[in-house]
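**Q** Model the following, please.
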Amino acid sequence: MSLSTSLPVPSAAENQANALPLLQARDLSVTYSTRGGSLNAVDHLNLDLQRGEVLGLVGESGSGKSTLGKALMRLIAPPGKISGQLLFNGSDLMALNETQMQHVRGRQIGMIFQDPMTSLNPVQRIDEHIIEAIRVHYPEVSKAEALERARELAGRLGIAARRLNDYPHQLSGGMRQRVMIGLALALKASLIIADEPTTSLDVIVEAQFLELLRELKNEFGLTIILITHNIGIVAELADRVAVMYAGKIAEIGGVRDVFHHPLHPYTQGLLKSIPNISLDVSEQTLYRMEGTPPNLIAPPSGCRFNPRCPHRMPEICPVRVPPLDVIKTDDAIEHRAACWLHIPHDAPSEQSKDKLNQ
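**A** Residues are numbered from 1 along each chain as shown. Alright, predicted model coming up:
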């Protein structure tokens, strides 16, 4: 029996579900219990991920990007707790027990972790990593068939077959990252979550990695969430970009629209902080946002960015939380921003102000 024939065939119900977004997060929160109180690393987040798209997830360190990526696979360990609804292919992942969820991880949702050197087992050869991943999920597949699948993946990823006998420390950073991609693809997952996949790579290998990811997306019809600090690779690879701040999505839309016409002051600040290589160094000064990210145990009231915002409106921004509303549509892609600068509103009443201050 080959691996390809052992993979499940989509049912009629699954085919009907294909008309829906691949992933839907509704009111998704990740809460950690700390000595200082409850910390919402992801706070009542809503997100739709369309099939075949690449979504870039950007923001400062501590904004909740990696936590969101792990939450989508239900990999949050105690004292963390996930709440809300998480629909994948129309099925609620939050309703699955841990054994059922283990069948989803790898088979349907794969993950490329930040540092492949710490994610790979140092005492296992590369082929053993891939064979184990396949046979844990499909024990009926023989070791020889799994090895053939490993060789097939290695060839597709530009890894010489002889390197499958190597241990992780014998490979370069770029090769180890290719192995991580291979592990994510070994079971033909439809969604790949790439968490800072280029952190350990130099710029040349990074460019090769991104080109490989683009080719694999087109060949396998992958849906990808690309979590990164590097806005440049989002501009190059992603279809849409979501900007996270303090556990919430501040802005989301098509890459071209968000980068050329950012709506949220936080997004504007991120983009202004990137050096412009077309200008001489002496002609530019890097922008620096005032203040620091908030304490999520006791976040600011109203808009969480309001203490740092240069366009802060005292009568509304610290009083009411802005919804992530559709501001405009570009090329049939909705451009949403959670900012009172773009959302019609009435000034809050004195009663609502008094209630907030109690």
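
**Q** For the stretch 201-350 of the chain, which segments count as strands?
**A** 223-227, 240-245, 248-254, 325-330, 333-337 (DSSP state E, counting those that start in this stretch).

**Q** Is it possible to get JSON lines of these that adds distance to Ile204, mean neighbour count and mean pLDDT?
**A** Just so you know, the C-beta spots here come from the backbone N, C-alpha and C atoms, and that holds for glycine as well. Listed next are the strands of the stretch 201-350 of the chain as JSON lines, based on distance: least, CB to CB, whole Å; neighbours: other CB atoms under 10 Å; pLDDT from 0 to 100:
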{"stretch": "strand 223-227", "distance to Ile204": "19", "mean neighbour count": "25", "mean pLDDT": "95"}
{"stretch": "strand 240-245", "distance to Ile204": "24", "mean neighbour count": "25", "mean pLDDT": "97"}
{"stretch": "strand 248-254", "distance to Ile204": "29", "mean neighbour count": "25", "mean pLDDT": "97"}
{"stretch": "strand 325-330", "distance to Ile204": "33", "mean neighbour count": "14", "mean pLDDT": "88"}
{"stretch": "strand 333-337", "distance to Ile204": "32", "mean neighbour count": "22", "mean pLDDT": "95"}
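
**Q** Adding distance to Gln108, write those strands out as a markdown table.
**A** A markdown table is the format used below for the strands of the stretch 201-350 of the chain (distance: least, CB to CB, whole Å):
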| stretch | distance to Gln108 |
| --- | --- |
| strand 223-227 | 11 |
| strand 240-245 | 21 |
| strand 248-254 | 24 |
| strand 325-330 | 30 |
| strand 333-337 | 25 |
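
**Q** nearest to Pro299, of those?
**A** Among the strands of the stretch 201-350 of the chain, the nearest to Pro299 by CB to CB is strand 248-254 (9.4 Å).

**Q** then that closest one to CSV, C-alphas only?
**A** Listed next in CSV are the C-alpha coordinates belonging to strand 248-254 (Å, rounded to 0.1, in the frame of the first residue of the first chain):
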residue,chain,number,x,y,z
LYS,A,248,-5.9,41.8,18.7
ILE,A,249,-5.9,42.4,14.9
ALA,A,250,-5.5,46.1,14.3
GLU,A,251,-5.7,45.9,10.5
ILE,A,252,-6.2,43.2,7.8
GLY,A,253,-6.4,43.4,4.0
GLY,A,254,-4.7,42.8,0.7
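
**Q** Nothing else from me, thank you.
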